[in-house]
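Trainee: with the input below, show me the fold.
(one chain, ligands or ions: 1)
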Amino acid sequence: MNAPATLAQPVTKAAGSRPEHFDVLIVGAGISGIGAAYHLTRQCPDQSFVILETQDSFGGTWLTHRYPGIRSDSDLYTFGYRFKPWVGPPIATAAEIRAYMGEVIADNDLDRHIRYRHQIVSASWSSDDSQWTIAAKRLEGGETVHFTANFLWMCQGYYRHSEGYTPQWPGMADFKGRIVHPQTWPDDLDLTGKNVVVIGSGATAATLIPSIADACRHVTMLQRSPTYFITGRNANELADMLRTLKINEEWIHEIVRRKVLYDQATFTRRSFSEPEVVKQELLSGVRAYLGPDADVETHFTPRYRPWRQRIAFIPDGDLFRAVKSGKASVVTDEIECFTADGLRLKSGNELEADVIVTATGFNLSVLGDIAFAVDGKPLDFADTVTYRGAMFTGVPNMVWVFGYFRASWTLRVDMIADFVCGLLEHMKAKGAKSVVPALREEDKDMPLSSFIDPENFNPGYLMRGMHLLPKRGDKPEWQHNQDYWTEKDEFPLIDFDDPAFVYR
Ligand SMILES: Cc1cc2nc3c(=O)[nH]c(=O)nc-3n(C[C@H](O)[C@H](O)[C@H](O)COP(=O)(O)OP(=O)(O)OC[C@H]3O[C@@H](n4cnc5c(N)ncnc54)[C@H](O)[C@@H]3O)c2cc1C
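Mentor: Model (predicted):
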């Protein structure tokens, strides 16, 4: 793969000058923002646009996370865009994903549209002007620059990039060693010969542990409760066979995507229809690596049914091989407190540590921690109802890209892009300057509930921040149902003249 595109910086107008105007302003240069920009250039070539990005390069998640072993946990045939074939192994490193994104930027001349080191701090909609005014802080110099835009395409992800979530435990200040969060992994951390405890057993812990185990004296994965993992080779047999047959990469991408999605649909359906069978299959995958004597019941058998939290893919069983080798171990217990030398657990046991890694998740960030206002009134997104998890009642000319939990995020990036471009074209044809979702007469008494159904999906960062998110109704239009397989059929049929869209 080619190196990522270079970071040519267009010149931003100085503070105090007239705001620059764009038809569309994209927030964030992660996989969503770059995908949005690509589709705009193809589907709406006459719309001017800019991408504002806080960080000093593109990649979002794949730039922020630099801990050892950082990689995807879903396959790149579906995490890749539909328009650019993925030609590497299905599970990819952050560097490989950034290289892929860099090619999209370079191939489509997107670099000139991106302003790095611009952190958006506020966005105000004016109905009189039918436009947003955006204030962004330039990270060099610290001055504020202003932009106006007809349409805001929110591609800022769902968590705060500046720091991860670390719970507070008693005694943390007494610990003599170092406490590290994977999201802000220090460049100078040398784990050679160290005793390391990783708190947590999600995808991050599962990725990190095998990649540091060899260097460390010992790594302990400390979990309050077990997580499901799925194991398999980091290879796609169908893709490999099609390559042997010299099929072109565009075809391979499309065929393999369909196969992966078909298999995932089957797996998801079975997780609901026969959870016990799926559970036993997942556990037997773990046993195959750990052997018959391992205590899979205590350490690898979750209390919830499969798919209520994301299931991390463990390529070639590397986490379990690290455990089997004795370089890593798993402790299922709760922290009583930190001590000078490590951790005291509720069982009374102690864990010695030189370094403690808190792989304890994210801080949810609702719409990029931007202070939003509509016609001078501060906007609380918790007071809005979501239109298909993408738009919000009372918030004109704005779309948020929030992907899938059980399927690759990027599937929704492409889908929402078709929706936005269709909507922009529709507005142009109508001569409308604004569009806002509004509950229709038949929706007025609709019961409202939390953005995501916790019975359906309940990771910690969502549970902690659910009260900040928009509300969901009980009809398909008024919720993000997290179901790619129904949305892929429903989205293309959306009628932009439905009364749920109010134009001016
Ligand atoms: C370690 C890790 C592994 C993951 N693996 C997978 C996986 O394998 N498959 C999968 O489907 N999903 C995965 N996810 C979920 C992942 O976050 C999404 O799939 C996807 O990368 C999100 O892309 P995004 O562009 O929407 O948001 P992000 O990647 O979060 O990027 C958002 C960008 O917006 C910028 N931004 C935010 N606020 C502002 C602001 N106010 N002003 C300017 N810029 C702003 C940020 O700096 C950032 O660069 C993973 C997440 C993590 C943390």
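Trainee: any residue of the host helix or strand of E487 touching the ligand?
Mentor: Using DSSP states H and E, E487 sits in helix 484-490. No: using Cβ under 6 Å from any ligand atom as the criterion, no contacts between helix 484-490 and the ligand are found, and the smallest distance is 10.7 Å. (C-beta placed from N, C-alpha, C; glycine too.)
Trainee: how far is that helix from where the chain is centred?
Mentor: In terms of Cα atoms, centre = their mean, to the nearest Å, the centre of helix 484-490 is found 19 Å from the chain centre.
Trainee: helices and strands around whatever helix or strand comes next after it, which ones?
Mentor: Taking DSSP H and E as the definition, the helix or strand that follows helix 484-490 towards the C-terminus is strand 501-503. Counting by 3 or more Cβ pairs under 8 Å, 6 or more residues apart in numbering; DSSP states H and E, the packing neighbours recorded for strand 501-503 are helix 409-430, strand 435-437.
Trainee: go again using 6 Å as the cut-off
Mentor: Helices and strands in packing contact with strand 501-503 are listed as strand 435-437; criterion 3 or more Cβ pairs under 6 Å, 6 or more residues apart in numbering; DSSP states H and E.
Trainee: can you give the distance of the strand it packs on from its chain's centre?
Mentor: The chain centroid and the centroid of strand 435-437 are separated by 26 Å under Cα atoms, centre = their mean.
Trainee: partners of it, with directions?
Mentor: Strand 435-437 sits in its sheet next to strand 501-503 (antiparallel), going by DSSP bridges.
Trainee: buried residues in the strand it pairs with?
Mentor: Taking 16 or more other Cβ atoms under 10 Å as the neighbour-count basis, strand 501-503 is seen to contain the buried residues F501.
Trainee: can you check stretch 250-262 too?
Mentor: Of the residues in stretch 250-262, I252, H253, V256, R257, V260, L261 count as buried by neighbour count, 16+ other Cβ under 10 Å.
Trainee: need those in TSV (columns: distance to I26 and pLDDT).
Mentor: Rendered in TSV, the data for these read as follows (distance: Cβ to Cβ, whole Å; pLDDT from 0 to 100):
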residue	distance to I26	pLDDT
I252	30	98
H253	24	98
V256	29	98
R257	25	97
V260	28	96
L261	26	96
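Trainee: between the residues you listed, which is nearest L345?
Mentor: V260 (40.1 Å; Cβ to Cβ).
Trainee: residue numbers of the protein in contact with the ligand?
Mentor: The chain has residues 27-33, 52-55, 60-61, 65, 72-74, 79, 119-120, 155-157, 161, 204, 368-370, 401, 403, 408-409 near the ligand, with proximity defined as Cβ under 6 Å from any ligand atom.
Trainee: just the ones in strands from those residues, please.
Mentor: With strands taken from DSSP state E, the overlap with those comprises V27, L52, Q119, I120.
Trainee: how far is stretch 108-128 from where the chain is centred?
Mentor: Distance of stretch 108-128 from its chain centroid, counting by Cα atoms, centre = their mean, is 20 Å.
Trainee: swap in stretch 466-475?
Mentor: Relative to the chain's own centre, stretch 466-475 is displaced by 19 Å; criterion: Cα atoms, centre = their mean.
Trainee: any idea which element E96 lies in?
Mentor: According to DSSP H and E, E96 maps onto helix 94-107.
Trainee: so which elements touch that helix?
Mentor: helix 61-64.
Trainee: pLDDT averaged over the helix it packs on, what's the number?
Mentor: Per-residue pLDDT values over helix 61-64 give a mean of 98.
Trainee: now swap in stretch 417-430 and tell me
Mentor: Taken as a whole, stretch 417-430 carries a mean pLDDT of 98.
Trainee: how about stretch 444-451?
Mentor: The average of the pLDDT scores along stretch 444-451 is 95.
Trainee: straight-line length of it, end to end?
Mentor: From its first residue to its last, stretch 444-451 covers 18 Å (Cα to Cα, to the nearest Å).
Trainee: run through who's touching that stretch.
Mentor: M466, L469, P470, K471, R472, G473, D474 (Cβ atoms under 6 Å, 6 or more residues apart in numbering).
Trainee: cutoff 10 Å now
Mentor: Residues from elsewhere that reach stretch 444-451, judged by Cβ atoms under 10 Å, 6 or more residues apart in numbering: 366, 381-382, 385-386, 389, 402, 439-440, 462-463, 465-475, 477-480.
Trainee: and the residues you listed, which of them are buried?
Mentor: So, by 16+ other Cβ under 10 Å, the buried ones in those are 366, 381, 385-386, 389, 402, 439-440, 462, 465-466, 469-473, 477-480.
Trainee: worst-scoring helix or strand of this protein, pLDDT-wise?
Mentor: Of all the helices and strands that make up the chain, helix 460-465 has the lowest average by mean pLDDT, DSSP states H and E, namely a mean of 86.
Trainee: pLDDT weak spots in the chain?
Mentor: Scanning the chain for pLDDT under 70 picks out the ranges 1-16.
Trainee: report how many residues lie close to the residue of the stretch 101-250 of the chain found nearest the ligand.
Mentor: Across the stretch 101-250 of the chain, the shortest distance to the ligand (Cβ to the nearest ligand atom) belongs to G157, at 2.3 Å. By other Cβ atoms under 10 Å, the residues close to G157 number 25.
Trainee: likewise for R303?
Mentor: Other residues within reach of R303, judged by other Cβ under 10 Å, total 7.
Trainee: ok, now how distant is W132 from K433?
Mentor: Separation of W132 from K433 (Cβ to Cβ, to the nearest Å) stands at 12 Å.
Trainee: what does the helix holding E487 contact?
Mentor: By Cβ under 10 Å, 6+ apart, the surrounding residues in contact with helix 484-490 are 78, 261-262, 264-265, 268-269, 388-389, 403-404, 406-408, 411-412, 414-416, 476-477, 480-481, 483, 491.
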